[in-house]
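**Q** sequence isn't available, so here's the structure alone:
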């Protein structure tokens, strides 16, 4: 039988460039899992992805059941469809072409480890005109002879939590243990809805592979729906746990469907060197592929990832991955309540990030790299106004958790905004022409003053004072020369900073005081000259 993906790489191993599967969740030898944030960031934090809504399609299920084989047909469809839907069977490709993408092979040994994401995001424009990003995820197969029950449950749970559509890849029929995997999610869904949230999960598609009972339920979508209806029926003889899963599954997922996929053919199953040529695959399998995949990935059928009713962007998805990995990295499976808390944390954190981004964008219009210097008073007034709008946007965003819980994240938003404001203040001050020239201007003024003072002292025969101001004059000359060299060469920056500090001290404690005293004397005592002089350069 065709198997899944084969990539077990160290997280720090160099990866080739170009489209490829990236191991975003690493399965370690001690049966723990670790988020490969660098690989995930490579996809989700691209400039053309991070702010767009994402469609996340994942395939999960038992090992050696052809998940990666199927995903490579997903890739063919996405590559052929461009920004629309391909016509006919053209997207299936050249009949003699090898099937590549996610690595797969036949045999009895497992191949895929952890969770993988295809590095190439696919951009699609929905009928509404909104551009979204489609991401494809492959998962480690369950129930092999090396994985624990906890390993299998963790991979299935993680992929279900982050996907907008989970394809549950099963062999031959839906069995009771397949439904037991869903118990965790039905309990999570019950808690989430009790908190007043929306339906927690979106699409769950049972894909029954190697379906042999087409005389009872025909291949494809129609037969699958009939079979699913029968499978999810409840009766008094069922265990309470199994009956509960059946009763709640449809309420926890927005859409639950089933597709019956026939066997791809004996050549696929028995030829050691089978490489995916369409000529070796049974015709009925290809017919059903052409029905199933467009139904899942066609532009009209794409499902944007939502959490608590809010659409998720690429950068948001990274935050949810971090939150979920923090609870799934322990020795035991988390309780549904812990999953709900992790979702609430990530949900509030994405609202914080959105608020900070709103503040940063609006402030950049006032004090960005392309804007001139703005007075500190006006900058602060704009800061207060934009800060209030950002916090108001956070308050109005749909969030999970108690009022106190959300207020703690609002406080985090306030702290981050204040940090951003401090950076804008520094950037604005750097645009002040006088600030940039304050050090040389102060030292030049010091040269002029000491030169005049020396001339006066020499005239009245105060040689000691004349010698003192001459020393100050020469020190000022040396400081100007040294400061100029530091600015030109970029070396000895610590000394340059010391000269800047000295010049600021002279300006504030000496020159400002003298200027303010003279202005007060000449123009009147009611004007706060000292404060005005300092404000000009702050």
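**A** Sure thing, it's come through. Note that the structure is predicted; figures quoted are calculated from it, not measured.

**Q** all helices for the stretch 401-538 of the chain, in order.
**A** For the stretch 401-538 of the chain, applying DSSP state H, counting those that start in this stretch gives helices covering 403-431, 433-459, 463-489, 493-506, 512-523, 529-537.

**Q** nearest spatial neighbour of the spatially most central residue of the chain, skipping sequence neighbours?
**A** Centroid-nearest residue in the chain, with CA atoms, centre = their mean: residue 315, separated by 2.4 Å. The shortest distance from residue 315 to any non-neighbouring residue, by CB to CB, 6 or more residues apart in numbering, is to residue 50 (4.3 Å). Any C-beta I mention is one placed from the backbone N, CA and C, and that applies to glycine too.

**Q** now swap in residue 210 and tell me
**A** In space, residue 210 is closest to residue 263, 4.4 Å off (CB to CB, 6+ apart).

**Q** can you count the residues close to that neighbour?
**A** Using other CB atoms under 10 Å, residue 263 is surrounded by 17 other residues.

**Q** pLDDT wise, what is it at?
**A** Confidence at residue 263, expressed as pLDDT, is 88.

**Q** and what of residue 148?
**A** Residue 148 carries a pLDDT value of 63.

**Q** for residue 223, same thing?
**A** Model confidence at residue 223 (pLDDT) stands at 92.

**Q** contacts only, for it.
**A** Residue 223 makes contact with 214, 217, 260, according to CB atoms under 8 Å, 6 or more residues apart in numbering.

**Q** tell me the one among these nearest to residue 29.
**A** Nearest to residue 29 among those is residue 260, at 38.1 Å by CB to CB.

**Q** related to what we said a few turns ago, tell me the secondary structure of the residue nearest to residue 210, please.
**A** Three-state call for residue 263 (DSSP: H, G, I helix; E, B strand; the rest coil): coil.

**Q** spit out the contact partners of it.
**A** Taking CB under 8 Å, 6+ apart as the test, what residue 263 contacts is 209, 210, 211, 212, 269, 282, 285.

**Q** the third one belongs to a helix, doesn't it?
**A** No: counting by three-state DSSP, residue 211 is not part of a helix but coil.

**Q** give me the neighbour count for the residue lying closest to it once chain neighbours are set aside.
**A** With sequence-adjacent residues excluded and distances taken as CB to CB, 6+ apart, residue 211 is closest to residue 260, at 4.1 Å. For residue 260, the count of nearby residues is 29 (other CB under 10 Å).

**Q** follow-up on the earlier one: gap between the residue nearest to residue 315 and residue 176?
**A** 42 Å (CB to CB, to the nearest Å).

**Q** and those two? which has more neighbours close in?
**A** residue 50 (19 against 11).

**Q** re earlier: mean pLDDT for the helices of the stretch 401-538 of the chain: which is lowest?
**A** helix 529-537 (a mean of 48).

**Q** circling back to that earlier point, what sits against the residue nearest to residue 315?
**A** Counting by CB under 8 Å, 6+ apart, residue 50 makes contact with 44, 313, 314, 315.

**Q** you'd agree it is in a strand?
**A** No: under three-state DSSP, residue 50 sits outside any strand and is assigned coil.

**Q** helix/strand/coil for the nearest residue to residue 33 once chain neighbours are set aside?
**A** Nearest non-adjacent residue to residue 33, counting by CB to CB, 6+ apart: residue 25, 5.5 Å away. Recorded secondary structure, residue 25: strand (three-state DSSP).

**Q** tell me which residues of the stretch of helix or strand residue 251 belongs to are tucked away?
**A** Using DSSP states H and E, residue 251 maps to helix 240-252. Using 16 or more other CB atoms under 10 Å as the test for burial, helix 240-252 gives 244, 245, 246, 248, 249, 252.

**Q** okay, those in CSV with distance to residue 76 and pLDDT next?
**A** Formatted as CSV, these follow (distance: CB to CB, whole Å; pLDDT from 0 to 100):
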residue, distance to residue 76, pLDDT
244, 40, 72
245, 35, 74
246, 35, 78
248, 36, 75
249, 31, 78
252, 32, 80
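
**Q** now distance to residue 367 too, for those residues, in a markdown table please.
**A** Shown next, in a markdown table, are those (distance: CB to CB, whole Å):
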| residue | distance to residue 367 |
| --- | --- |
| 244 | 57 |
| 245 | 56 |
| 246 | 59 |
| 248 | 52 |
| 249 | 53 |
| 252 | 47 |
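
**Q** what bits of the stretch 201-350 of the chain have low per-residue confidence?
**A** Within the stretch 201-350 of the chain, the segments meeting pLDDT under 70 span 241-242, 269-272, 275-276, 329-337, 339.

**Q** give me that answer again for 80
**A** For the stretch 201-350 of the chain, applying pLDDT under 80 flags the ranges 234-251, 266-280, 326-343.

**Q** how about the helices in it?
**A** Using DSSP H, counting those that start in this stretch, helices in the stretch 201-350 of the chain cover 221-231, 240-252, 266-270, 283-297, 314-328, 336-367.

**Q** may I see the ones you listed organised as CSV, with distance to residue 419 added?
**A** As requested, these are arranged in CSV below (distance: least, CB to CB, whole Å):
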stretch, distance to residue 419
helix 221-231, 52
helix 240-252, 40
helix 266-270, 57
helix 283-297, 42
helix 314-328, 18
helix 336-367, 9
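
**Q** which one of the ones you listed lies closest to residue 460?
**A** Of all the helices of the stretch 201-350 of the chain, it is helix 336-367 that lies closest to residue 460, at 51.5 Å by CB to CB.

**Q** name the nearest residue to residue 387, sequence neighbours excluded.
**A** residue 417 is the one closest to residue 387 (CB to CB, 6+ apart), at 5.3 Å.

**Q** picking that back up, report how many residues lie close to the residue nearest to residue 33.
**A** Neighbours of residue 25 under the rule other CB under 10 Å: 27.

**Q** how about the contacts made by it?
**A** By CB under 8 Å, 6+ apart, the neighbours of residue 25 are 33, 34, 35, 36, 114, 115, 155, 158, 325.

**Q** which ones are touching the last one?
**A** For residue 325, the set of contacting residues under the criterion of CB under 8 Å, 6+ apart consists of 25, 33, 34, 35, 158.

**Q** switch to 10 Å and redo it
**A** Residues in contact with residue 325 (CB atoms under 10 Å, 6 or more residues apart in numbering) are 24, 25, 33, 34, 35, 36, 37, 40, 154, 158, 342.

**Q** buried among the residues you listed? Need that as a selection in PyMOL.
**A** Buried residues within the contacts of residue 325, by 16+ other CB under 10 Å, are selected in PyMOL with:
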select buried, resi 24+25+33+35+36+37+40+154+158+342
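
**Q** switch the contacts of residue 325 over to CSV; also include distance to residue 96 and secondary structure.
**A** Shown next, in CSV, are the contacts of residue 325 (distance: CB to CB, whole Å; DSSP: H, G, I helix; E, B strand; the rest coil):
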residue, distance to residue 96, secondary structure
24, 33, strand
25, 35, strand
33, 39, strand
34, 41, strand
35, 40, strand
36, 36, coil
37, 40, helix
40, 36, helix
154, 40, helix
158, 38, helix
342, 48, helix
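
**Q** among the contacts of residue 325, which pair sits farthest apart?
**A** Pairwise across these, and taking CB to CB, the largest span is found between 36 and 342, at 18.8 Å.

**Q** quick revisit: can you lay out the contacts of residue 263 as TSV showing distance to residue 349?
**A** Listed next are the contacts of residue 263 as TSV, based on distance: CB to CB, whole Å:
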residue	distance to residue 349
209	38
210	43
211	43
212	48
269	47
282	48
285	44
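
**Q** please enumerate the strands of the stretch 1-150 of the chain.
**A** Taking DSSP state E, counting those that start in this stretch as the criterion, the stretch 1-150 of the chain carries its strands at 21-27, 33-35, 53-61, 115-118, 122-125, 131-139.
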